[in-house]
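S.K.: could you work out the structure for the sequence below:
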Amino acid sequence: MVAALGAIGIYGGLGFLARYYLMPYLVFVVWLDLVTFLHHTDADIPWYRGKDWYFLKGAMSTVDRDYGLINPIHHNIGTHVAHHIFLSIPHYHLLEATAALKPVLGEHYRSDRARFGKVFGRRIRAAILSLTKAAKFTIRHLKSSRLSGLDLGQVWFKSGGTSYPRPK
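M.R.: Numbering: from 1, shown residues only. Take a look at the predicted model:
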């Protein structure tokens, strides 16, 4: 692959390679990172660590989202809960599996049908707040040397910032 890209770069020039390979590749990677970020961050989704984590808890730590016209183009990418529970399910069965899972999971099924731009803005603001609060929390408790009494097994990614348990 590297040899082919090198040959294309030599034959067509670096501008050609950047325009027709690098830029589409970067757009695709950013899109996949964004979708992954939105599926795994929501005010209702806990993140588990250490002994608090097991497969089903981790699998349920996601949310289905609606990406509009992008859903069918990207193999029903919005049906993420079923993908987490059934790891080897083919994409063409995700809608069917999601419809069957909803009544079984009941209140444990998470879905957010808000518009993409609104959700993205909400999650980015929450991430910035969380990072700011986490940094302040860490600095404050490292200074007081009380960090060892904490149980950080479950972390909530909330709109107001990450909520940590109080030190003992």
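
S.K.: C-alpha only now, for contacts and for neighbours.
M.R.: Fine.

S.K.: show me where pLDDT drops low in the chain?
M.R.: Counting by pLDDT under 70, the chain contains low-confidence ranges at 134-168.

S.K.: which residues in it form helices?
M.R.: 2-12, 14-17, 23-40, 55-59, 70-73, 80-85, 94-105, 116-144 (DSSP state H).

S.K.: next, format those as TSV and append mean neighbour count.
M.R.: TSV is the format used below for the helices of the chain (neighbours: other Cα atoms under 10 Å):
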stretch	mean neighbour count
helix 2-12	12
helix 14-17	14
helix 23-40	14
helix 55-59	13
helix 70-73	12
helix 80-85	22
helix 94-105	14
helix 116-144	14
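
S.K.: TSV for those helices, including distance to Trp47?
M.R.: Conversion of these to TSV gives the following (distance: least, Cα to Cα, whole Å):
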stretch	distance to Trp47
helix 2-12	38
helix 14-17	40
helix 23-40	9
helix 55-59	8
helix 70-73	25
helix 80-85	14
helix 94-105	19
helix 116-144	13
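
S.K.: which residues touch the residue lying closest to Gly78 once chain neighbours are set aside?
M.R.: Leaving aside its chain neighbours, Gly78 sits nearest to Arg65 (4.8 Å; criterion: Cα to Cα, 6 or more residues apart in numbering). Arg65 is in contact with Leu38, His39, Gly78, Thr79, His80, Ser111, Asp112, Arg113, Ala114, counting by Cα atoms under 8 Å, 6 or more residues apart in numbering.
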